[in-house]
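>>> Quick one, structure for this:
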Amino acid sequence: MKIAIFSDVHANLPALEVVLKAYAAMQPDMYVCLGDVVGYGGFPEQCCNIVRPLVKHCIVGNHDAAVADRMDYGFYYDAAKHALDHHKSLLSASNIAWLHSLPYTVMHEDICFSHGSPVNPDNFDYVFNNAQAIGLTDHYHTLAPVTFMGHSHLTKSYELWRDGQAVRVREVHGSVMKFDPDRKYVVTVGSVGQPRDNDARACYTLYDTVTRELSFYRIDYDLATAAEAILAMHQLSPDFGKRLYLGI
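Residues are numbered from 1 along each chain as shown. Here you go, the predicted structure:
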């Protein structure tokens, strides 16, 4: 089975459309979104309308949870709060209800799908550095063989394995990863709509469950249209549009 796994669309319709066109040529058997369909961008309703009927599974992201009144986002910085408030006003009742219904994690065979860390997933903790990955070693026995995450907008991957009584962890790199069945993996799949790894191109992945290979892809999209939609909404910070060009 080929699974199209993507995350953090963040209401970026031009990026989403290009990614889905690229996926169509790959003919995946299943689509999975790892959360944050909304937040930051100019097309929250349109992106929900596309993702909602397409995916087999969609995980709730922290921005999705915020607009669906599933979490307190009062501690967010002002620009993010204003964006969430505005997106809430733009979303249909049907899409708000959909976001409210989404799970924090889903298990599919030996794969865990989560927005942030799979440990206490409703906390939306990050796993994008060695210290955070090492923190997972205490939970090695409960981790799925492979966990796919979003949230950080990065492409960080970690391999964990038993070494006697200890659990070791290391960061792994590459545009193609092959998973060893005797080890466990925690992989962040990057962001479709707001990459933050200094590469402005939309990021998406494809996982082959037979070969146990994950491939990362990047693709150009119409940055200007995405940024202009943000600038046209005066309730959104123009910085959300400017950072699209920089991939930060």
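>>> my guess is Y126 contacts L154, does it?
No - the pair Y126 / L154 is not scored as a contact, 9.0 Å apart, by CB atoms under 8 Å. Backbone N, C-alpha and C define where each C-beta goes, glycine included.
>>> Who has more neighbours out of these two?
L154 (22 against 15; other CB atoms under 10 Å).
>>> and the residue of the chain most remote from its centre, what pLDDT?
Distance to the chain centre peaks in the chain at G164, reaching 33.7 Å (criterion: CA atoms, centre = their mean). On the pLDDT scale, G164 is placed at 94.
>>> Same question for Q46.
The pLDDT attached to Q46 in the predicted structure is 98.
>>> element containing it, please.
helix 44-54 (DSSP states H and E).
>>> Helices of this protein, residue ranges please.
Remark: helices assigned in the chain by DSSP state H are 13-26, 44-54, 62-67, 78-90, 93-101, 130-134, 223-232, 238-246.
>>> Of those, which stretch is the most buried?
The highest mean neighbour count among the helices of the chain, using mean count of other CB atoms under 10 Å, belongs to helix 62-67: a mean of 26.
>>> Please dump the helices of the chain into TSV; it should also carry distance to G116 for every row.
As requested, the helices of the chain are exported to TSV (distance: least, CB to CB, whole Å):
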stretch	distance to G116
helix 13-26	21
helix 44-54	19
helix 62-67	7
helix 78-90	16
helix 93-101	16
helix 130-134	10
helix 223-232	24
helix 238-246	21
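>>> and the residue nearest to M26 when sequence neighbours are not counted, bridged to which residues?
Leaving aside its chain neighbours, M26 sits nearest to L206 (5.9 Å; criterion: CB to CB, 6 or more residues apart in numbering). Under DSSP bridges, the beta-bridge partners of L206 are A4, S215.
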